[in-house]
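1. All I have is the shape, not the residue letters:
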């Protein structure tokens with residue numbers, strides 16, 4: 001039997017990040033893999049009590065967790081995660097980081113020892129990408145694991 005893999009999914013609740021999750025469920029995640037939903041929040045929302053996520057991750061559906069950490073609950077996301085957990089017996093956890101998404105996603109790859117990371121692409125044009133920077137481009141260039149960008 002193959003070793004369970006740890007697969008990270010960059011999540012910001014956008015349609016593109018949900019498409020990335022759906023792609024990973026349909027094409028990548030296998031029985032008993034570990035799925036880590038990685039949320040990167042603004043440093044302005046950095047709560048003093050973030051230790052729970054820093055050490056262990058959390059189940060986002062636990063009562064009060066979303067509210068405590070300033071995370072918007074999303075029933076569509078929860079349904080997708082419930083399905084993959086039930087259908088493929090995958091373990092699902094969430095990790096929340098505060099700061100620059102480019103840096104924090106690369107940090108998460110190393111800290112969580114991810115085998116793979118899946119991100120959505122906002123599809124910025126060339127000019128916007130130069131002005132705003134591209135999280136996915138940065139992560140592809142700097143992450144120490146395989147990165148899949150889903151358009």
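-> Okay, I see it. Because the structure is a prediction, the values reported are computed rather than measured. Residues are numbered from 1 along each chain as shown.
2. Tell me where the chain has strands.
-> Counting by DSSP state E, the chain has strands at residues 6-11, 34-41, 91-98, 116-120, 146-150.
3. Using TSV, lay out the ones you listed together with distance to residue 138.
-> C-beta here means a position set from N, CA and C on the backbone, and glycine is covered the same way. What follows is the strands of the chain, written out as TSV (distance: least, Cβ to Cβ, whole Å):
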stretch	distance to residue 138
strand 6-11	12
strand 34-41	12
strand 91-98	15
strand 116-120	10
strand 146-150	10
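4. need those strands in JSON lines with mean pLDDT and mean neighbour count, can you?
-> Listed next are the strands of the chain as JSON lines, based on pLDDT from 0 to 100; neighbours: other Cβ atoms under 10 Å:
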{"stretch": "strand 6-11", "mean pLDDT": "96", "mean neighbour count": "25"}
{"stretch": "strand 34-41", "mean pLDDT": "91", "mean neighbour count": "22"}
{"stretch": "strand 91-98", "mean pLDDT": "88", "mean neighbour count": "20"}
{"stretch": "strand 116-120", "mean pLDDT": "95", "mean neighbour count": "25"}
{"stretch": "strand 146-150", "mean pLDDT": "94", "mean neighbour count": "18"}
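5. mind listing the helices for the chain?
-> Secondary structure of the chain (DSSP state H): helices at 15-27, 51-55, 65-68, 75-88, 101-111, 126-132, 135-142.
6. which other residues reach stretch 105-124?
-> For stretch 105-124, the external contacting residues (Cβ atoms under 8 Å, 6 or more residues apart in numbering) are 5-10, 12, 14-21, 23-24, 28, 36, 38, 40, 95, 97, 132, 134-136, 138-139, 142-151.
7. got the buried residues for that stretch?
-> For stretch 105-124, burial by neighbour count (16 or more other Cβ atoms under 10 Å) applies to 105-109, 112, 114-122, 124.
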